[in-house]
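J.: show me how the following folds:
(2 chains)
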Amino acid sequence: MVARARYVGIVALAVTGLAVGAAWWVLAEPGSGRGWILGFVVAMAVGELIAVDEPDSRPVPASIAVLGAFVLLGNDPLTSVAVALAGVAAGGAICAVAGTGSFRPGDALARIIAAWSLPTLVAVADRLPSTFEIVPAGGADEPFNLVAFLLVSAAIVLGLPFWEAVEAGSPQGTVVGALYGARLRATWLAGVALVAGAGLAALVHADLNSWGLVLTLLPLLAARSGLRRLASVRRTHAQTVRAMSRIAEFVDAAPEGHAARVAAVVVSMGRDLGLSATDIADLERAALLHEIGVVVAEGDLVDAARASAEVVREVPHLAKVATIIDRHRETRRLGIVVGEDRLPLPSRILRTACEFDRLIAPTQLDHGSRDAIHHFHVTAGHEHEPVLIQALARTVDRGLLI
Amino acid sequence: MRAERRRRRLLPAVAAAGLVVGVALIWWSVRTVDDHVALVSFALAGALSQFLPAHARPGLLLSLTNVVAFTAVLLGGPELAIPVAAAAVAAAAPSYPSQRVLRVAFNLGQFTLAGALAGFAYEAIAPAVAHDLLVAGQISGLTSARGLAALLVTGVTFTAVNFSLVALAVSLHSGERFRGVVRSMVPAIALQPLYLALSILAVVLIVDVHPAAVILLVVPAIVARTGLVALQREAEAYDQLVLALVKLIEVKDGYTRGHAERVALLAVEVAGELGYDFEARRTTRYAALLHDVGKIVVPLQILRKPAALEDHEYRRVMTHPEVGLDLLADIDFLADARPGILSHHERIDGRGYPHGLRGDDIPELARIITVVDAFDAMTSTRAYRRALEVDTAVGRIHSAAGTQFDARIVAAFDRVLGRLSWLPTQLGPDIDLTMVEHGVDA
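T.: This is a model prediction of the structure:
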């Protein structure tokens, strides 16, 4: 199916390209020398198309590299916006025809803002003493300004995830800062590849004209295919962990949705208590897998925790997750151990979150309500540390529970 | 046997010829090149490029070595391409797993020869373009019709010499037919135009901008490699996660360890026998590994009961294909594996479960798993009976072909068994169809 959609996309692309080319031929003055701009529009459209077939993560589109090159060639903001608009529209139209993705108004806006603002950076760099300029020997009108290249690169690598964070964060009122960090970590490598592509396309443009753009897109395609498949394996991994988290529900050993709810709570509590991003990720996986062993354990929940940890320990990269699971039930037998022998914080968070869900799930109380916290405090508060109950209460206050 | 021996004796001879050719070409190159800075930097680039490769999938190595070699041809002709090829082979030598001397000798010959012949072809077709580039530093000739034709011939010559010689060596070494070896190299051959295109960019950057500007080409390559290396690591991690789940099922089911892995191994072999491509064999592997995942909900005392099951108990066991499907429903990657999991207890005569499908209505993937699963179950020791002899198990499968099993799959299975020497409850030769895409070097 995917292969067919892609095939249709390619055909649609070719047809659109021909149509746009014909229109240009009719409309533009012959010999005006503006034909090369069309090359950028088509390359932008292709770049947009390359970006769209990833269903739930948002890849960095190759069109950014094309736009970057256009700006680096010294074009003014208005022309840049025109090229960006035409490229995004053509790309969106192709997506619509081929049905390979959905057109996002937010992305178009981001492209236009970039097209409007990046030339300003180039203009600023041009005012500096021209020690950092390279003039390609192929007869370029504009020298290639290294400072401008660095400024544009930084703006793209740093600005792109910022835009995504703002766009993704605004509807849910989530903290933009945290999202920005996550998006930056996810996109900086792709961003670096793209700005290298932008520089490359701008530098070879004098010699190779539009062919330079075509050739530049090739290494970018290679880079993107590697990154994209990586994203897909990561998604599969996360989906599989989620699937495994439902095993306890399947055998009626846990309330429906238990592991998923506990995972949401521990993530929120972990943030509240200042855990690092990797610790939070481990804690989330621990929450999802903490009862998987129930299908082979014949005793109580402590045995189930042991069995779960044993299963998880089979997976080398989940060793820390196994430890969190292994010890999260210990307190039940030993009471809260204070001092040197204290259980690790993630295990304690998991224990509190898990108990909370187990106690609240059958009560029909809303998990995100103060009543739920109150009930938990009254019923089981003495078994849990005050600091954890407070973190849980703040989590409930933020309304982050499902 | 005699042909086999003759074939094996031929390989050292070919390698020796390679060594002679390689050394002669290097000697000629070092005497001919006047620009020693170019020689050293290109040789260095050729060697460094060997540290960047990443496997995109088995047999498909992404590497910048050919880009460096093509660039050397375009900028310096055969005499500059030869040191690049030699340096790349020298840098790759430590990573050869076996027969290092033979491989280095052979590769030295074939790679330098490919570079040299490509260079001669380029200079013969477009001497003016080559002269402009080399002497006057003018790029324009390269994009002329003659220049493009020269580029094309250069690429074709290099690729033809390189791949045909490697295919010859592989065919001598493994006994596979030459044509089959070449066919397996098609994806790698398809990458050559990409390398040629990149080398054009490199030439423009070096001649018209600055040699240091090639960093702009190297950066996306490094990003691609980073992605592929991380991909390999993540894919391994994913596989371990799936195997942990599989082990959990086996512990619960009371199966001997490795049942699912043996079923997966055999199923993949049968799929290969039926002409499945790489993706389809990978799907087969995961479907076979996870075919019993739904048993996770069946109570222990039913699964491990040493006597015949009561009706209600059997009905409980019969839910496992559908439960498995439900459990894995949200994993996109397993979409194609799901029919294999759902229907692995269907029978050709329509008396299976859960849906009583008949004949070709049963997905082929499921028909494969059914046969292989039955074979491994019969040849493993269970709580209630000892393992059967392989011959007995095969006999029973044969007698049920056409009723329980698909006769075509059984025939393919026979051929697979004939190929693998099968020992009950022991893993056969290890083949790699994990999500990880390890490479096999030619």
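J.: how many other residues sit next to the residue of the stretch 101-250 of chain B found nearest chain A?
T.: Closest residue of the stretch 101-250 of chain B to chain A, CB to the nearest CB: residue B:227 (3.0 Å). All C-beta spots, glycine's among them, are computed from the backbone N, C-alpha and C. Using other CB atoms under 10 Å in any protein chain shown as the criterion, residue B:227 is surrounded by 24 other residues.
J.: contacting residues for it?
T.: Going by CB atoms under 8 Å, 6 or more residues apart in numbering or on different chains, residue B:227 touches A:189, A:223, A:225-230.
J.: any weak-confidence spans in the stretch 1-150 of chain A?
T.: In the predicted model of the stretch 1-150 of chain A, residues A:1-35, A:50-60, A:98-105, A:130-132, A:135-142 satisfy pLDDT under 70.
J.: so what's the residue in the stretch 301-442 of chain B positioned nearest to chain A up against?
T.: Residue nearest to chain A within the stretch 301-442 of chain B: residue B:333 (4.1 Å; CB to the nearest CB). By CB under 8 Å, 6+ apart, the contact list for residue B:333 reads A:232, A:235-236, A:239, B:286, B:435.
J.: what ranges do the strands span in the chain?
T.: Assuming you mean chain A. A:133-134, A:144-145 (DSSP state E).
J.: actually, chain B is the one I wanted.
T.: B:54-57, B:60-62.
J.: returning to what we had before: mind putting the strands of chain A into JSON lines with distance to residue B:370 and mean neighbour count?
T.: Converted to JSON lines, the strands of chain A look like this (distance: least, CB to CB, whole Å; neighbours: other CB atoms under 10 Å in any protein chain shown):
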{"stretch": "strand A:133-134", "distance to residue B:370": "66", "mean neighbour count": "16"}
{"stretch": "strand A:144-145", "distance to residue B:370": "64", "mean neighbour count": "22"}
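J.: out of those, nearest to residue B:316?
T.: For residue B:316, the closest of those is strand A:144-145, at 72.2 Å, according to CB to CB.
J.: show me what the closest one is packed up against.
T.: helix A:105-127, strand A:133-134, helix A:176-208 (3 or more CB pairs under 8 Å, 6 or more residues apart in numbering or on different chains; DSSP states H and E).
J.: indicate which one of these is closest to chain B.
T.: Closest to chain B of these, according to CB to the nearest CB: helix A:176-208, at 3.8 Å.
J.: now the closest one: buried residues?
T.: Using 16 or more other CB atoms under 10 Å in any protein chain shown as the test for burial, helix A:176-208 gives A:176, A:179-180, A:183-184, A:186-208.
J.: likewise stretch B:349-367?
T.: B:352-354, B:357, B:362-367.
J.: now swap in stretch B:239-255 and tell me
T.: By neighbour count on 16+ other CB under 10 Å, the buried set for stretch B:239-255 is B:239-253, B:255.
J.: and chain A, which of those residues reach it?
T.: B:240-245, B:247-248, B:251-252 (CB under 8 Å from any CB of the partner chain).
J.: now chain B, which segments are flagged as low pLDDT?
T.: Using pLDDT under 70, the flagged stretches of chain B are B:1-4, B:53-60, B:130-131, B:133-138, B:140, B:255-256, B:382-385, B:421-442.
J.: longest single helix anywhere in it?
T.: In chain B, with assignment by DSSP state H, the single longest helix is helix B:215-253.
J.: contact partners for residue 375?
T.: I'll assume chain A. Contacts of residue A:375 by CB under 8 Å, 6+ apart are A:359-360, A:363, A:365.
J.: I was thinking of chain B, sorry if that wasn't clear
T.: Residue B:375 neighbours (CB under 8 Å, 6+ apart): B:266, B:393-394, B:397, B:413.
J.: show me where the stretch 251-400 of chain B has helices.
T.: For the stretch 251-400 of chain B, applying DSSP state H, counting those that start in this stretch gives helices covering B:259-273, B:278-289, B:300-303, B:311-317, B:320-327, B:338-342, B:364-378, B:390-399.
J.: next, the contact list for residue A:254, please.
T.: Here residue A:254 is in contact with A:248, A:291, A:294, A:358 (criterion: CB under 8 Å, 6+ apart).
J.: make it 7 Å
T.: Counting by CB atoms under 7 Å, 6 or more residues apart in numbering or on different chains, residue A:254 makes contact with A:248, A:291.
J.: from residue A:364, how far out is it?
T.: Here the criterion is CB to CB, to the nearest Å. By it, residue A:254 lies 17 Å from residue A:364.
J.: next, count neighbours for residue A:149.
T.: Using other CB under 10 Å, residue A:149 is surrounded by 24 other residues.
J.: got the buried residues of stretch B:349-367 as TSV, with distance to residue A:215 columns?
T.: Below are the buried residues of stretch B:349-367 laid out as TSV (distance: CB to CB, whole Å):
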residue	distance to residue A:215
B:352	56
B:353	57
B:354	54
B:357	52
B:362	49
B:363	44
B:364	43
B:365	41
B:366	47
B:367	48
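J.: from those residues, which single one is nearest residue B:207?
T.: In terms of CB to CB, no member of these lies closer to residue B:207 than residue B:365, at 54.5 Å.
J.: excluding its backbone neighbours, what's nearest the closest one?
T.: Spatial nearest neighbour of residue B:365, excluding adjacent residues (CB to CB, 6 or more residues apart in numbering or on different chains): residue B:340 at 3.6 Å.
J.: over to residue A:134?
T.: Nearest one to residue A:134, counting by CB to CB, 6+ apart, is residue A:144 at 4.5 Å.
J.: residue A:363 now?
T.: Excluding the flanking residues, the one nearest residue A:363 by CB to CB, 6+ apart is residue A:375, at 6.4 Å.
J.: I'd guessed residue B:352 sits against residue B:345; true?
T.: Yes - look at residue B:352 against residue B:345 with CB atoms under 7 Å: they come within range, at 5.2 Å.
J.: what is the nearest of the buried residues of stretch B:239-255 to residue B:309?
T.: Using CB to CB, residue B:253 is the member of these that lies nearest residue B:309, at 13.6 Å.
J.: residues in contact with residue 71?
T.: Just going to use chain A. Counting by CB under 7 Å, 6+ apart, residue A:71 has contacts A:80, A:118-119, A:122, A:152.
J.: you answered for a different chain; I wanted chain B.
T.: Counting by CB under 7 Å, 6+ apart, residue B:71 makes contact with B:199, B:202-203.
J.: the residues you listed in helices, which ones?
T.: B:199, B:202-203.
J.: now tabulate the residues you listed in CSV and tack on distance to residue B:221 and neighbour count.
T.: Listed next are the ones in helices among the contacts of residue B:71 as CSV, based on distance: CB to CB, whole Å; neighbours: other CB atoms under 10 Å in any protein chain shown:
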residue, distance to residue B:221, neighbour count
B:199, 13, 26
B:202, 11, 26
B:203, 16, 23
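J.: keep the buried residues of helix A:176-208, but drop any that are not near chain B.
T.: A:189-190, A:192-193, A:196-197, A:199-200, A:203-204, A:207-208 (CB under 7 Å from any CB of the partner chain).
J.: thinking again about what came up before, could you measure from the residue nearest to residue A:363 over to residue A:397?
T.: 16 Å.
J.: show me where the stretch 251-400 of chain A has helices.
T.: Here the stretch 251-400 of chain A has its helices, by DSSP H, counting those that start in this stretch, at A:258-272, A:277-289, A:301-313, A:319-327, A:330-334, A:345-360, A:370-380, A:386-397.
J.: now the stretch 51-200 of chain B
T.: B:65-76, B:78-92, B:100-125, B:127-131, B:145-174, B:178-184, B:186-190, B:192-204.
J.: from the ones you listed, which stretch is densest packed?
T.: Greatest average neighbour count among the helices of the stretch 51-200 of chain B goes to helix B:65-76 (a mean of 28), per mean count of other CB atoms under 10 Å in any protein chain shown.
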